[in-house]
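> fold the stuff below for me.
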Amino acid sequence: PAPMAEIDWRSLLGHISAQGPAPHQWRQCYRPRDVESCVSKITSVSFREGITIFGKTRMTAYSSGYCVGSANWVFQTHRERIVYMADSSSSTIRHPQPMDLPNLEDADALILTNLTRHPGVPADSIVSELCNAIGYTVKAGGVALIPSYPGGMALDLIEIIHQYLLSISMGQTPIYLVSPVAENIIAYVDIISEWLSPSKQEKACLPEPPFAHSDMIRAGQLILLPNLDTAATHILQSKAKGRLPSPIQEPSIVLCSHPSCRIGDVPHLISVLGSSSKNSILFVDPEYDHKKALAPFQPLSCRTMFLPIDPRLSFSEANYILGKIRPKRLILPRSYLAGENSRSTGVVAPDTTIVPYDRLDIVRVALPHQYASAFISQELASSIKPSSILSSSLYPLELSSSSSSSRSSLTTTTQNSRHNTTISSQDSMMADTHVSTVQALLHTHNYNYTMDAPSSSQLSRLSTYAPYKNQIFGNQQVDTLLMMLHDYGVTNVEIQITPSSPSSLSSTSGDDHVSSSFDIIIDGSIGGVGSGRSVVRVGDHETEIDTEDDALRALLGEMVVRTCLDNV
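Residues are numbered from 1 along each chain as shown. The predicted structure is shown next:
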């Protein structure tokens, strides 16, 4: 590959200082009280603790297994369940609480983000390579500098590196953690056992510290430094004499923030360490390009290595998890799909509708639902008189026949004679089900629904909008109807399936639903009732009965109504 043309950032900084105002005259973007005001608005929650926002949506955090406090979020309304998967890890040998999978199931939509940036590089092999690089450096009497955050992966690395140093008989080599919050983090992780893995929780119950950090600090093997300000007078001298600030010994391992090498004490240490070939700078954060991070410090004589330790989910792990939790819709970056951006592997979810998106896209995803919850006013509730669905006065069927054929549509219901024949063994269960029709005014505000009793004038207006006053609704279950026919001893049944045209859905939903109608053809009588040929045609929006025998039509109509109401 062609060598990278790096910019001499130091010359640019000198040019800016010469042309622009002095640093103390720069404009302040934010004042301390602005930051404090922003932080005061943060609400902290525990895992599995639900909070309600805007009175409508309930948010719950579940452990994602990536680091202490990392969470996947579930947004729940009375109609939808949406899961947001952030940085997640399926590893069970690290310090965080394991990933909580069961609570991510049955999602109407799942937003998948932040998979590993290095899917072909196993984290275990990279950790071994990192330890070997550290061993090579400390044996040469040098310093291994690891630009990293003070928390997260650093908590695991401190213990891993210490165990490796013991294995090569260099257990007294000090490990430095340089950060303004280093002491707070080390103290905090010892008292938050509920956020840690089961093995570390067991240690906390013994009681003993869940991490080895405390023992290392007492033995002088782990040294916490808030910053290098205590050695500020030595830093300029170190640049000239090639020595480190006095708090840092040789050989040693230094974990210092920030991994971008632009802020914190890392820039000072790189300027000192870079002049010696016995030192090394080891980049483990997968989010930063180490070549760009080191560009302002070139040329460097020390060893530099990019060893990205990324425990986040790989494509194969994500596919396995998606196969277990089975979301109805999967929203993910287009680059995660196989075949995109020269990827040979990617996310595959064959039983899920996939909705890909690109950067800065606004994705509209249709989440179809059939029912919504509503509040009923006291006046309306007092006027509702539910009746058993097996009551002779409840919605007797009116089967209107056309002049050309004996086809009837189960839509409206008015008073008519009823065929009094016992149908299947489900009657005792169906007798406990009560329903009632309701005419009401529906008020909606912020997806909250309220039903009020209409006045007499409003009731007359409602009749013009609702011509079918006593309409039967429900999901027709073909299997249940066939079982009823079998209970009546009907065996000569033929089923024909006729697919219809795809329903028109939004292209962003990615759901190509194809509806079908079922023709159940019956020859002969049913339990001694009627004769001849009859057809029950079950569609998406209505069920029709086609027969010339009125008694058979009434019996089939009653059976169809019972299967509908049993599934309302």
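
> now do the strands in the stretch 301-450 of the chain.
303-306, 329-333, 353-357, 375-376, 387-388, 407-409, 434-435, 441-445, 448-452 (DSSP state E, counting those that start in this stretch).

> what packs against the first one?
When you say that, I think you mean strand 303-306. helix 123-139, strand 280-283, helix 290-294 (3 or more C-beta pairs under 8 Å, 6 or more residues apart in numbering; DSSP states H and E). Quick note: C-beta positions are derived from backbone N, CA and C, even for glycine.

> let's see that with 6 Å instead.
Contacts defined by 3 or more C-beta pairs under 6 Å, 6 or more residues apart in numbering; DSSP states H and E place strand 303-306 against strand 280-283.

> residue 272 belongs to a helix?
Yes: secondary structure of residue 272 (DSSP: H, G, I helix; E, B strand; the rest coil): part of a helix.

> re the thing from before, which one of the strands of the stretch 301-450 of the chain has the lowest average pLDDT?
Per-stretch mean pLDDT for the strands of the stretch 301-450 of the chain is lowest at strand 407-409 (a mean of 37).

> before we move on, back to that, out of the strands of the stretch 301-450 of the chain, deepest packed?
Mean neighbour count (mean count of other C-beta atoms under 10 Å) peaks for strand 329-333 among the strands of the stretch 301-450 of the chain, with a mean of 21.

> for residue 80, find the nearest of the strands of the stretch 301-450 of the chain.
Of all those, strand 329-333 sits nearest to residue 80, with 10.5 Å by C-beta to C-beta.

> paired strands for that closest one, with orientation please.
Taking DSSP bridges as the criterion, strand 329-333 forms sheet pairs with strand 109-112 (parallel), strand 353-357 (parallel).

> let's have the strands of the stretch 301-450 of the chain in CSV, adding distance to residue 135.
Shown next, in CSV, are the strands of the stretch 301-450 of the chain (distance: least, C-beta to C-beta, whole Å):
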stretch, distance to residue 135
strand 303-306, 13
strand 329-333, 38
strand 353-357, 44
strand 375-376, 68
strand 387-388, 80
strand 407-409, 82
strand 434-435, 76
strand 441-445, 66
strand 448-452, 64
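
> check contacts around the nearest residue to residue 478 once chain neighbours are set aside.
Sequence neighbours aside, residue 518 is the residue nearest to residue 478 in space, at 5.4 Å (criterion: C-beta to C-beta, 6 or more residues apart in numbering). By C-beta atoms under 6 Å, 6 or more residues apart in numbering, the contact list for residue 518 reads 478, 497, 538.

> in strands, which of these fall?
Those of the contacts of residue 518 mapping onto strands are 497, 538, per DSSP state E.

> most neighbours of all the contacts of residue 518, which one?
For these, the largest number of neighbours (other C-beta atoms under 10 Å) sits with residue 538, at 19 neighbours.

> which residues does that residue bridge with?
Beta-bridge partners of residue 538, as defined by DSSP bridges: residue 518, residue 543.

> and of the strands of the stretch 301-450 of the chain, who's closest to residue 252?
Of these, nearest to residue 252 by C-beta to C-beta is strand 303-306, at 15.5 Å.

> which residues are in contact with the closest one?
Residues contacting strand 303-306 (C-beta under 6 Å, 6+ apart): 133, 280-283, 290.

> low pLDDT regions in the chain?
In the prediction, the chain carries residues with pLDDT under 70 at positions 1-24, 229-247, 339-345, 370, 389-433, 447, 461-477, 499-516, 540-541, 564-568.

> nearest the middle, which residue of it would you pick?
Nearest to the mean C-alpha position of the chain, counting by C-alpha atoms, centre = their mean, stands residue 84 at 2.7 Å.

> spell out the secondary structure type for it.
Classified using three-state DSSP, residue 84 is strand.

> that one touches residue 110, doesn't it?
No: look at residue 84 against residue 110 with C-beta atoms under 6 Å: they stay out of range, at 7.9 Å.

> and residue 63, bridged to which residues?
residue 71.
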